[in-house]
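> make a model of this:
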Amino acid sequence: MGTPLESGLTGPKATGRARAARPDETIIVSNRLPMTVQFDSGAVRLRPSSGGLATGLRRLRARPARPWIGWPGVALDPSSSLQRELDDQLAASVSHGVSLSEAEITGYYRRFANGLLWPLLHDQNPGGVAKPADWIDYQAVNRRFADVVLTELRAGDRVWIHDYHLMLLPRMLRQRRPDIRIAFFLHTPFPDTSVLSSCPKAGALLDGMLGADVVGFHTREYVQRFAALVSDLLGRPAQLVSGSGVVDDLGRPVTVHSCPMGIDEARFSELAADPGVLVRAAAIRRQSNPLFVGIDRLDPTKGIPERLQAFGRLLEIRPELQGHARMIQLAVPSREEIPAYRALRTRVEAMVDELNARFGNGRWKPVEYTYGTLAEPELVALYRAADIMLVTPLRDGMNLVAKEFVASRTDDAGVLVLSRQAGAASELTAALLVDPADPEALALGYAAALDMSPAERRVRMRRLRARVKAHDVHRWAAECLAQLEAVRRTPSGYREPGTAPCGPKRAMRGFP
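Below is the predicted model of the structure:
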């Protein structure tokens with residue numbers, strides 16, 4: 001983990017004496033804005049985006065005073081009337097769009113961020129998607145984000161940067177404005193040190209993150225892995241206690257901490273009591289007994305093929321379920337332009353067809369598969385209808401679906417089958433924890449969920465609900481920003497971003 005820091009270089013701690021920065025007083029920066037752009041008869045329309053980050057942070061900004069900065073998700077001619085209309089609508093929603101060209105969307109977003117970094121951060125092989133020029137695009141886009149942040153910056157502002165698309169941004173801002181307070185939060189897992197160190201630009205990415213004053217992760221394990229890799233690649237010592245502490249950025253202390261993201265628990269509890277939602281849930285329930293539900297983005301990390309295979313195995317070992325049990329799988333479209341995602345869709349749909357052909361009959365099919373999105377009330381109706389909720393990613397930074405399900409079960413019923421490889425497993429220990437990569441073990445987990453007594457289901461769900469309610473998205477934001485509010489300004493040297501000196505243990509390689 002590296003040698004301890006000098007005793008005088010202790011990191012800040014959030015205390016009751018520190019005034020917590022409010023989310024609506026903080027500039028939020030993420031790759032995507034929390035809205036999706038649509039064009040309707042030549043006019044621009046904005047609608048809320050789905051996804052944990054967008055949804056969770058959007059609900060923190062009831063009366064935003066400072067802008068949310070991010071890409072609107074489209075490439076438009078900067079001089080077009082549509083671009084001007086989009087800019088006006090974003091400004092009205094206290095947002096600032098960062099423009100990307102089609103070439104940058106391909107290089108920075110699709111190939112480097114999603115084609116290379118996403119699989120690496122999830123302990124997967126990226127498969128050679130990225131090209132040497134993509135690193136240049138990644139740097140250029142991070143630099144453009146820095147330009148926009150500095151344009152919006154006012155005295156006293158704090159900047160809260162989110163996720164792997166913008167790992168270089170903290171250092172770029174630090175180099176140009178050493179006086180501002182910066183937080184960075186990584187919403188993905190942090191992988192085993194041997195995985196990310198294989199990325200030729202790992203050192204520069206880590207150095208970029210260390211430009212922040214505070215670096216946050218969902219779990220203690222991720223913090224420990226980050227500190228170990230920083231020590232290994234960059235030679236920066238770290239001092240951790242119980243999953244938090246300080247990393248030395250060449251004389252400047254950087255606080256690292258774990259703070260699992262929550263959801264708007266009150267919102268899901270409210271929807272769960274809505275009469276229309278309850279009527280819809282009852283209608284879904286009448287069609288099957290028992291009902292298994294899975295809701296995921298269609299992504300290789302989510303373990304959907306293994307989940308389907310395990311459901312088929314369950315029908316083999318429990319033949320009495322045939323003709324009665326049903327699995328509803330909602331696959332939310334994701335990164336459809338990437339070949340691996342298109343291939344995954346083809347594979348999943350073929351597996352669904354095979355299961356229905358093998359076990360189904362004229363009046364019953366075991367798997368109901370939907371590729372698309374649902375409105376929030378319909379999602380909550382599914383959560384309320386489920387006997388068994390399947391959240392079985394191969395690797396996940398947190399997984400807010402698990403928490404949404406728990407918050408929706410105000411009836412204290414239902415069983416959460418949760419992957420041990422999801423960040424949520426470190427909190428939701430009352431769930432039925434399973435190995436997501438082993439379909440045989442998964443099938444046995446499904447069987448154990450079915451066999452669980454009503455009394456045990458109630459006890460487990462009450463424990464889960466207490467945790468989700470106590471650690472909601474508002475508490476998450478408050479704790480993260482309290483860490484930033486407690487930062488003491490410390491003089492230090494600043495370097496050109498993305499050009500970190502090599503640590504003593506391993507030299508950085510050139511991008512292939």
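> dump stretch 156-167 to CSV, restricted to CA.
In CSV, the C-alpha atoms belonging to stretch 156-167 read as follows (Å, rounded to 0.1, in the frame of the first residue of the first chain):
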residue,chain,number,x,y,z
GLY,A,156,-16.2,30.1,-3.9
ASP,A,157,-17.5,27.4,-6.3
ARG,A,158,-16.8,23.8,-5.7
VAL,A,159,-16.6,21.3,-8.6
TRP,A,160,-17.9,17.7,-8.3
ILE,A,161,-16.7,15.5,-11.2
HIS,A,162,-18.2,12.2,-12.0
ASP,A,163,-16.9,8.9,-13.5
TYR,A,164,-14.4,7.4,-15.8
HIS,A,165,-15.0,9.6,-18.9
LEU,A,166,-13.4,12.5,-17.1
MET,A,167,-10.4,11.0,-15.2
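> for that stretch, which positions count as buried?
Buried residues in stretch 156-167, counted by 16 or more other Cβ atoms under 10 Å: 157-167. Backbone N, C-alpha and C define where each C-beta goes, glycine included.
> do the same with stretch 90-101
90, 95-100.
> so of those, which ones are in strands?
Among the buried residues of stretch 90-101, the members found in strands (DSSP state E) are 95-97.
> can I get those in TSV with distance to A273 and pLDDT?
Listed next are those as TSV, based on distance: Cβ to Cβ, whole Å; pLDDT from 0 to 100:
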residue	distance to A273	pLDDT
S95	32	89
H96	37	91
G97	37	91
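> closest one of these to V247?
H96 (30.3 Å; Cβ to Cβ).
> my guess is the closest one meets L150, correct?
No. Counting by Cβ atoms under 8 Å, H96 does not reach L150; the two are 11.6 Å apart.
> and the pLDDT at L205?
pLDDT for L205: 98.
> next one: A21
60.
> got it, and D163?
96.
> and what of A65?
For A65, pLDDT reads 78.
> count the residues that sit near it.
A65 has 14 neighbours, counted by other Cβ atoms under 10 Å.
> do you know how far it is from G156?
11 Å (Cβ to Cβ, to the nearest Å).
> one step back: and the buried residues of stretch 156-167 as TSV, adding secondary structure and distance to V401?
Formatted as TSV, those follow (DSSP: H, G, I helix; E, B strand; the rest coil; distance: Cβ to Cβ, whole Å):
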residue	secondary structure	distance to V401
D157	coil	33
R158	strand	30
V159	strand	29
W160	strand	24
I161	strand	24
H162	strand	19
D163	coil	18
Y164	helix	20
H165	helix	22
L166	helix	24
M167	coil	25
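> okay, among the residues you listed, which ones form the most distant pair?
D157 and Y164, at 23.4 Å, using Cβ to Cβ across these.
> ok, and what's touching stretch 132-148?
29, 69, 96, 98-100, 103-104, 106-109, 111-113, 115-116, 166-169, 172-173, 176, 201, 208, 497-498, 511-512 (Cβ atoms under 8 Å, 6 or more residues apart in numbering).
> centre of the chain to that stretch, how far?
22 Å (Cα atoms, centre = their mean, to the nearest Å).
> same check, this time on stretch 110-125
That offset, for stretch 110-125, works out to 14 Å (Cα atoms, centre = their mean).
> related to what we said a few turns ago, so which of the contacts of stretch 132-148 sit within strands?
Reading strands off the contacts of stretch 132-148 with DSSP E, I get 29, 69, 96.
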